[in-house]
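A.B. asks: sequence? don't have it. structure:
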């Protein structure tokens, strides 16, 4: 999946996360995560994000995340929502989202 | 039944009774009404307006939350709403002005501090890496040398005065970086201004003409620049633009000197030049100071050459006088853009 | 049945601590149009996680004639929701159409065919009139709910404060349909979350009418509802003795059950069993 436009999903509210995606300027995949619980959960958050992006075959783009203590399910959901919006993709292929 | 929190988005032109409520809320936070705000996002609990945030294109301002609701999740809800509205209006990259002590609140909104004019104002943007990426791009355009100069010009249009300033600077420096102001708020479009400056300077070996950006004299960093004649000079905003230059742009290109032409006419530009000496040279900063060099304007018939004079002459289509003030490349554009008008006037005259 | 907006991570992540009997993830009225896609993914992923293990899960999809409905259904079935709630059910064909789609999705994703149950929400005069055919329209039907807000608008009446005669016929119709079809009946949402007295009064009414449950919009209503439905110590004590008497009669091969000198019919035994089940689920009333 290719991110072709800027897109946002999620909120800044507690237990949620804000995911902003935009097209990459140089065909790289760059991911930035900010979280109040970066020390304890930063690696875990990053793992779930990487996994979710891989499932959607996202190989380049800029992903900026503001985490507010979200559980894994919310991370997956918001990252997928942002990427689908950024790719202007209406069709859902459930194998990629599972 | 206790009222639920409701969020509304209203464009400035459609605000009616809420306008007074918003003004009151802002004054509770020692903030004034900013007429440049195009859209307000606000939250009401029943009939009471308890929080608001304004959008002036891609700049967030006038954010106020009623004291009774501060520290609750309301701030984050307001922030989320605002970001969504901004995106709907096509603004993904946002800036935000706030008092320095409130910057930490907006960190929670996903905003990161750029520069702070101590005790006055902090400028933030909603990305942890945008300016760093911008600077990285600039770094790739570095040139060797110990004395690197810089000029930021609007060039509306590019005149012999601009040419002269650039010549002086290029002569004195190992390399000169020229930035063209990016905002399309002038008589000549950005594309035209950039083109004319590039052409007008193409023969000088040690100059790079750069595209302007949101970080250099833009609506976000120095709104006062675009409201000349409408508002009084505003110290805070010149500080923001100048500190951005000193702390980010100059280091990226290793700029050591900033060149400006003396400003005899426009009070805002003149103040900007004076402020430059303070913020770039004198003020405390973690970044190296930059020497400001004020170069007296070149004159023609006793008057300094200025773009505003060229624009004034254009109104009378006085192409002969204009020719003395601009290089050939600029003249060609003026003729192609405005010359037909002149021709048709002449033809008209003959028929009569 | 606790309503949870599919777009609110905070509520989704924490509501299980209140131990509702059943949660309903809402993709319909609680979610704005521009957030439908994101909320759908939130519900999909939370269903696939372990957060609500052990609690019955319901997903309220958008009507199938919207651009969202079918995608919502795919998400709900594939993620393993126990029940799909269809809003604005007006006729049996609505349920039949839903049934067909659910079966298709179950086959496509390898979920046991028939494992996804359905719940119809009645929100209009037509729905009330067709309640029986709706309740029996599919083998998957496990419940029928009355949704008061839209129904009242459709009826051109107004929700009053007390007694609510405007809902009377609808409640009875939905109940009868549920009983005839052998499925559960759910009553309307009580929206004033701070009015405990009003809430309890309504619960008393619907409990007597025979509703199996109620749609709730705030966790604090859970305990109130459980308590109101819970039998008293006295009732539990009596029910236990009824069951004992029935078991004794069976052991002794006696055809008639007697307790305290009175004859106990089969329906009474049945009622006693249900009461003990309720005591098990809701506890005993304080």
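C.D. replies: Noted; the coordinates are in hand. Owing to the predicted nature of the structure, the values given are computational and were not obtained by experimental measurement.

A.B. asks: Do I have it right that residue C:96 meets residue C:138?
C.D. replies: Yes - proximity of residue C:96 to residue C:138 meets the contact threshold set by CB atoms under 8 Å, at 6.6 Å. For glycine as for every other residue, the C-beta is placed from the backbone atoms N, C-alpha and C.

A.B. asks: between these two, who's got more neighbours?
C.D. replies: Neighbours were tallied for residue C:96 and for residue C:138 using other CB atoms under 10 Å in any protein chain shown; the higher tally belongs to residue C:138 (20 against 13).

A.B. asks: Check which helix or strand the closest residue to chain A within the stretch 201-350 of chain B maps to.
C.D. replies: Scanning the stretch 201-350 of chain B for proximity to chain A using CB to the nearest CB identifies residue B:213 as nearest, at 13.8 Å. When elements are defined using DSSP states H and E, residue B:213 is found to belong to no helix and no strand.

A.B. asks: what are the phi and psi values for the closest residue to it other than its chain neighbours?
C.D. replies: For residue B:213, ignoring the flanking residues on the chain, the nearest one in space by CB to CB, 6 or more residues apart in numbering or on different chains is residue B:182 at 5.7 Å. Note on residue B:182: its backbone torsions stand at phi -80, psi -30 [degrees, to the nearest 10].

A.B. asks: per-residue confidence for residue B:182?
C.D. replies: What the model reports for residue B:182 is a pLDDT of 93.

A.B. asks: How many neighbouring residues does it have?
C.D. replies: Using other CB under 10 Å, residue B:182 has 20 neighbouring residues.

A.B. asks: Next one: it from chain A, what distance?
C.D. replies: For residue B:182, the distance to chain A equals 17 Å [CB to the nearest CB, to the nearest Å].

A.B. asks: That residue reaches residue B:210, doesn't it?
C.D. replies: No - at 10.0 Å, residue B:182 and residue B:210 do not qualify as touching, with contact defined as CB under 8 Å.

A.B. asks: helices or strands up against the helix or strand containing residue B:84?
C.D. replies: With the criterion set as DSSP H and E, the secondary-structure element containing residue B:84 is helix B:74-88. Contact partners of helix B:74-88 among helices and strands, from 3 or more CB pairs under 8 Å, 6 or more residues apart in numbering or on different chains; DSSP states H and E: strand A:7-10, strand B:5-11, strand B:39-45, strand B:48-56, strand B:59-65.

A.B. asks: Now the last one: average pLDDT?
C.D. replies: Throughout strand B:59-65, pLDDT has a mean value of 91.

A.B. asks: cool, the third one as well?
C.D. replies: Regarding strand B:39-45, the rounded mean pLDDT is 90.

A.B. asks: So which elements touch it?
C.D. replies: Helices and strands touching strand B:39-45, by 3+ CB pairs under 8 Å, 6+ apart, are strand B:5-11, helix B:17-28, strand B:48-56, helix B:74-88.

A.B. asks: mind listing what's buried in the last one?
C.D. replies: When neighbours are counted by 16 or more other CB atoms under 10 Å in any protein chain shown, the buried residues of helix B:74-88 are found to be B:74-87.
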